[in-house]
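*Asks:* return a 3D structure for these sequence lines:
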Amino acid sequence: MMPDDNDKIIRHKPIERINHWAVVICFLFTAISGLGFFFPSLNWFMNILGTPQLSRILHPFVGTAMFLLFVFMFFRYFHHNFINKEDIKWAKNIGKVLKNEEAGDVGQYNLGQKGVYWVVTICLLALVVTGVIMWRPYFADYFPIPVYRAAILIHSLSAIALIIMIVVHAYAAIWVKGSVRAMVEGWVTRGWARKHHPLWYRQLLEKEKQQKQEQEKNT
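*Replies:* Residues are numbered from 1 along each chain as shown. Prediction:
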């Protein structure tokens, strides 16, 4: 049964959802084509962008687009992702969390979500720097062979780490009922917010109270 509008809370605005799914699409293209480059048995993955030749040309361009889109996401969520004492409490009670029971006075994001944010940030920074070094025919010739080889290694390790982290992130979103809907439709129920992000829920209630008081003053 669908909740009524009074029970819905906006968690992600349209611009945030569009940006998120644009990053996801770019990630899928770059990850699948990149795996095709890295593993000979997966060479057929390079057809994801049309042909292997086209994939090699477009892979760095799509990767660059993913990074630029993520920059918007990084600054949008930056102030929500500082680790605090409640995150430590959340980590100490990870057993409860794995049973879908929240622990700690969690705000906008819990420690697991903050971990995804920072790991993805580090991986994408490593990927864009090493990607530029490896990018033929534009930049690769400006770097010595040892630097180029190191870039290939770091790029590959960062890509694998990013893929693993995104898989974990997707699994967690599916596992916690209501999370996927929040990123598709933008809303969660009040019960969901109260259970999984109690501090954020109280902040929303305080904001609603202040807005109501302002409306009363203006009437």
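
*Asks:* next, the buried residues of the lowest-mean-pLDDT helix or strand in the chain.
*Replies:* Taking mean pLDDT, DSSP states H and E as the measure, the chain has helix 94-98 as its least confident helix or strand, at a mean of 77. Judged by neighbour count using 16 or more other CB atoms under 10 Å, the buried positions of helix 94-98 are residue 97. Backbone N, C-alpha and C define where each C-beta goes, glycine included.

*Asks:* and it, C-alpha only, in CSV?
*Replies:* Below are the C-alpha coordinates for helix 94-98, written out as CSV (Å, rounded to 0.1, in the frame of the first residue of the first chain):
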residue,chain,number,x,y,z
ILE,A,94,27.9,-3.6,13.0
GLY,A,95,26.3,-6.9,14.0
LYS,A,96,23.0,-5.1,14.6
VAL,A,97,23.4,-3.3,11.4
LEU,A,98,23.8,-6.5,9.5
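
*Asks:* helices and strands around the helix or strand just after that helix, which ones?
*Replies:* Sequence order places helix 111-134 as the next helix or strand after helix 94-98, per DSSP states H and E. The helices and strands touching helix 111-134, judged by 3 or more CB pairs under 8 Å, 6 or more residues apart in numbering; DSSP states H and E, are helix 52-77, helix 85-92, helix 145-175.

*Asks:* just send these back as a markdown table, with mean neighbour count too.
*Replies:* As requested, those are arranged in a markdown table below (neighbours: other CB atoms under 10 Å):
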| stretch | mean neighbour count |
| --- | --- |
| helix 52-77 | 17 |
| helix 85-92 | 15 |
| helix 145-175 | 15 |
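
*Asks:* ok, the residue nearest the centre of the chain to residue 74 distance?
*Replies:* Most central in the chain under CA atoms, centre = their mean is residue 117, positioned 6.0 Å from the mean C-alpha point. Distance of residue 117 to residue 74, computed by CB to CB, to the nearest Å: 8 Å.

*Asks:* please apply the same query to residue 64.
*Replies:* Counting by CB to CB, the separation of residue 64 from residue 74 is 15 Å.

*Asks:* what residues does stretch 58-74 touch?
*Replies:* Here stretch 58-74 makes contact (CB atoms under 8 Å, 6 or more residues apart in numbering) with 16, 19-20, 22-23, 26-27, 29-30, 33-34, 37, 49-50, 120-121, 124, 127-128, 131, 135.

*Asks:* which PyMOL command selects the buried ones in those residues?
*Replies:* A single PyMOL command suffices to select whichever of those are buried according to 16+ other CB under 10 Å:
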select buried, resi 16+19+20+22+23+26+27+29+30+33+34+37+49+120+121+124+127+128+131+135
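
*Asks:* give me the phi and psi angles of residue 8.
*Replies:* Per-residue torsions, residue 8: phi -100, psi 140 (degrees, to the nearest 10).

*Asks:* one more: residue 9?
*Replies:* Torsion angles at residue 9 (phi, psi; degrees, to the nearest 10) stand at phi -120, psi 130.

*Asks:* over to residue 189?
*Replies:* When read as degrees, to the nearest 10, the backbone of residue 189 gives phi -80, psi 160.
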